[in-house]
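*Asks:* Return atomic coordinates for the entry below.
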Amino acid sequence: MIIREMKEGDIEGVSHVCLDAFSDSVAGSLSDEGIATFVAIASSDAFVERMKADNRILVAEGKNSEILGVVELKEGRHIAMLFVTPSQQKGGIGRKLIIAALKYARSETVTVSASLPSVPAYQKYGFKLKGDVGELSGLVYQPMEILINQ
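*Replies:* Residues are numbered from 1 along each chain as shown. Okay, the predicted model is just below:
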């Protein structure tokens with residue numbers, strides 16, 4: 001497995017991984033509005049737009065060039081996405097993606113608005129709870145942060 005920057009040819013695979021992992025572990029905890037919001041965020045068109053912005057999107061690529069996971073670092077300071085294909089979860093791919101993304105951090109603090117089911121994973125990666133649970137467009141999240149170079 002290698003971690004590399006996402007290319008345009010990866011977008012369909014990345015979208016698929018995000019939607020599969022979301023459906024498997026997050027969607028059941030959200031309203032229809034939250035599900036619709038996420039589906040729009042994880043669409044191929046949305047990824048194309050975010051590739052043009054100040055976002056670093058990395059993928060974990062398997063032996064057969066399949067996309068196993070994705071992490072998106074927005075503006076060098078916020079983890080906007082972290083998803084691993086369900087069959088590959090708990091195998092270290094998420095940790096490797098986070099470590100790779102944090103190398104591009106441009107701030108001493110990197111934040112994430114973690115879905116509630118993903119909070120324990122982020123805690124294992126070193127993120128700490130920061131504030132109260134919130135909701136935006138139906139997406140329920142726990143603010144978290146990690147201090148870099150500590």
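
*Asks:* use CA for all of it now, contacts and neighbours both
*Replies:* Fine.

*Asks:* Tell me how many other residues crowd F22.
*Replies:* Counted by other CA atoms under 10 Å, the residues lying close to F22 total 21.

*Asks:* residues in contact with the closest residue to F127 other than its chain neighbours?
*Replies:* Nearest non-adjacent residue to F127, counting by CA to CA, 6 or more residues apart in numbering: I146, 4.5 Å away. Residues in contact with I146, defined by CA atoms under 8 Å, 6 or more residues apart in numbering, are T109, V110, T111, G126, F127, K128.

*Asks:* Name the nearest of those relative to E75.
*Replies:* Nearest to E75 among the contacts of I146: V110, at 10.0 Å, using CA to CA.

*Asks:* Surely the closest one touches R77?
*Replies:* Yes: when contacts are counted by CA atoms under 8 Å, V110 is listed as touching R77 (4.7 Å).

*Asks:* returning to that earlier point: assumed the residue nearest to F127 was part of a helix.
*Replies:* No: counting by DSSP: H, G, I helix; E, B strand; the rest coil, I146 is not part of a helix but strand.

*Asks:* Quick check: beta-bridge partners of it?
*Replies:* V110 (DSSP bridges).

*Asks:* do you know how far it is from H16?
*Replies:* To H16, I146 is 28 Å away according to CA to CA, to the nearest Å.

*Asks:* isn't S31 right up against V140?
*Replies:* No: using CA under 8 Å, S31 is not in contact with V140; the gap is 9.2 Å.
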